[in-house]
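**Q** Here you go, sequence then predicted model.
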Amino acid sequence: MLKVTMLQTPRIELDGETVSLPFKRADALLYYMMVQRSATRQELIALLWEGSDEATGLKNLRNALYTLKKALGGDVLISPQKSLIEVNEDWEIESDYDLFVRRGDFSAYEGQFLQGFAVK
């Protein structure tokens, strides 16, 4: 099971073990997708690599997706259409954001959203 904590200092756990990603934009991509559930490639490039040209942005996005796949052992994010990225519903994912916002479980709120997390 993938557990994503965002309502405090962010953390990613896979089967109870903390997962450290090699660069912050991969973390940011996962956190953004846990909130939005679906986004276009162009939206993600504009958000995470705003100063890049399209080819560089696409390359960086592919690299971030590969990094997530390698670190998590599978495709937590999928691309059912060429221009769209979605959270893979086949994965068992627990997110404190989902518990708090979508299910109204106020006990999930333990601090500021993505407390201390920043991307240059």
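**A** Done, it's in. Given the structure is predicted, the values throughout are model-derived calculations rather than measurements.
**Q** Just say helix, strand or coil for the residue nearest the centre of the chain.
**A** Most central in the chain under CA atoms, centre = their mean is Leu30, positioned 0.8 Å from the mean C-alpha point. Following DSSP: H, G, I helix; E, B strand; the rest coil, the label given to Leu30 is helix.
**Q** Tell me how far it lies from Leu2.
**A** Using CB to CB, to the nearest Å, we find Leu30 at a distance of 9 Å from Leu2. The C-beta positions use only the backbone N, C-alpha and C, and glycine is treated the same way.
**Q** Common neighbours of these two, please.
**A** Any residue near both Leu30 and Leu2 by CB atoms under 8 Å, 6 or more residues apart in numbering counts here, and that gives 12, 76.
**Q** Point to the helix or strand of this structure where mean pLDDT is at its lowest.
**A** Across the helices and strands of the chain, mean confidence by mean pLDDT, DSSP states H and E is lowest for helix 96-97: a mean of 92.
**Q** That one packs against which elements?
**A** Packing partners of helix 96-97 (3 or more CB pairs under 8 Å, 6 or more residues apart in numbering; DSSP states H and E): strand 2-5.
**Q** which residues does Ile78 bridge with?
**A** Glu86 (DSSP bridges).
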